[in-house]
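J.: Here's my sequence, what's the structure:
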Amino acid sequence: MDHKTAIDILLKLAQKPALSTEEKEAVMTAVGVLGWTSLAQSRLKDRRDKPPGS
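T.: So this is what the prediction gives:
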């Protein structure tokens, strides 16, 4: 599963009223971690694809 799909699922889960405040906070923390790892992967890919010396 890619990070975007996982983030979308977690955000939908966070909207459910059955979750406690602590559970919602855990879901939002997971979304944040996935967002940062996705950003890092994107930056690494850009650096890898960039020609040397440019």
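J.: Quickly find the element holding residue 47.
T.: According to DSSP states H and E, residue 47 maps onto helix 21-49.
J.: Please point out which parts of that helix sit buried.
T.: Neighbour counts over helix 21-49 (16 or more other CB atoms under 10 Å) mark 27, 31, 34 as buried. For glycine as for every other residue, the C-beta is placed from the backbone atoms N, C-alpha and C.
J.: list the contacts for the first one?
T.: Read it as residue 27. Contact analysis of residue 27 by CB atoms under 8 Å, 6 or more residues apart in numbering lists 10, 13-14, 19.
J.: Could you do residue 13 as well?
T.: With contact taken as CB under 8 Å, 6+ apart, residue 13 is in contact with 19, 27.
J.: Can I have the buried ones of the contacts of residue 27 as a PyMOL selection?
T.: Selecting only the buried entries of those in PyMOL, with 16+ other CB under 10 Å as the criterion:
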select buried, resi 10+14
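J.: can you redo the contacts of residue 27 as TSV with pLDDT, secondary structure and distance to residue 45?
T.: Shown next, in TSV, are the contacts of residue 27 (pLDDT from 0 to 100; DSSP: H, G, I helix; E, B strand; the rest coil; distance: CB to CB, whole Å):
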residue	pLDDT	secondary structure	distance to residue 45
10	94	helix	23
13	93	helix	28
14	92	helix	28
19	93	coil	34
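J.: ok, so of the contacts of residue 27, who is nearest residue 41?
T.: Residue 41 has its nearest neighbour among these in residue 10, at 17.6 Å by CB to CB.
J.: which ones are touching that closest one?
T.: 27, 30-31, 34.
J.: how close does it sit to residue 21?
T.: Distance of residue 10 to residue 21, computed by CB to CB, to the nearest Å: 16 Å.
J.: ditto for residue 44
T.: Distance from residue 44 to residue 21, by CB to CB: 35 Å.
J.: which parts of the helix or strand encompassing residue 9 are buried?
T.: Under the criterion of DSSP H and E, residue 9 resides in helix 3-14. Using 16+ other CB under 10 Å as the burial criterion, the residues of helix 3-14 that qualify are 3, 7, 10, 14.
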